[in-house]
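Q: What follows is a protein structure lacking sequence information:
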């Protein structure tokens, strides 16, 4: 397995809309393993393919607690087919926006339809942190970042900070 380099804000790739996965094969399964390895190494609980430079509608996540057995999941072409009316607020962070966290309000539960690594369609209803994480990662597939849910002023400050950091690294 290979740990992939993460794409960091303000990289414009993070705003790309990802293309659907066309077929499930061994190359895709290996990429899923690499994504999981990258996510665990970061460490994070979710990762979208675009965050490692692949504009594919694919994400991995594992919301198991540290003292629990790992429970990695891979979602291909995921789509939210139902959302709870109830809302919840979680403090979100992102591997592509390191060390920045903000409270984001989202539906408390969602039902997601997706293609599995087994090549079959699946449907899963989740709530709590799992639902928040899944929505966060699906947003990535559409070029949406969690900072898009905060005030324009705060978002502009975050983007300015990361743009400055990127210039300093490049310079």
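A: Yes, it's here. Since the model is a prediction, treat every value here as computed from it, not as a measurement.
Q: switch to C-alpha atoms for all contacts and neighbour counts from now on
A: Fine.
Q: so residue 16 makes contact with residue 57?
A: No: between residue 16 and residue 57 there is no contact under Cα atoms under 8 Å: 11.0 Å.
Q: Would you map the helices across the chain?
A: With DSSP state H, the ranges of helices along the chain come out as 26-41, 128-141, 152-170.
Q: looking only at pLDDT, what's the mean for the first one?
A: I take that to be helix 26-41. Average pLDDT, helix 26-41: 97.
Q: Check the offset of it from the chain's centre.
A: What separates the centre of helix 26-41 from the centre of its chain is 14 Å, taken as Cα atoms, centre = their mean, to the nearest Å.
Q: quick one: buried residues of it?
A: Of all the residues in helix 26-41, those buried under the rule 16 or more other Cα atoms under 10 Å are 31, 32, 33, 34, 35, 36, 37, 38, 39, 40.
Q: so what's the third one closest to, chain neighbours aside?
A: If you skip the residues right next to it in sequence, residue 33 has residue 1 as its closest partner in space, 6.4 Å away by Cα to Cα, 6 or more residues apart in numbering.
Q: any common contacting residues for residue 16 and residue 57?
A: residue 141 (Cα atoms under 8 Å, 6 or more residues apart in numbering).
Q: what about the two, which has more around it?
A: residue 57 (24 against 17; other Cα atoms under 10 Å).
Q: So for the spatially most central residue of the chain, what's the pLDDT?
A: The centroid of the chain falls nearest to residue 137 when counting by Cα atoms, centre = their mean (2.7 Å). pLDDT for residue 137: 98.
Q: No further queries at this time; thank you.
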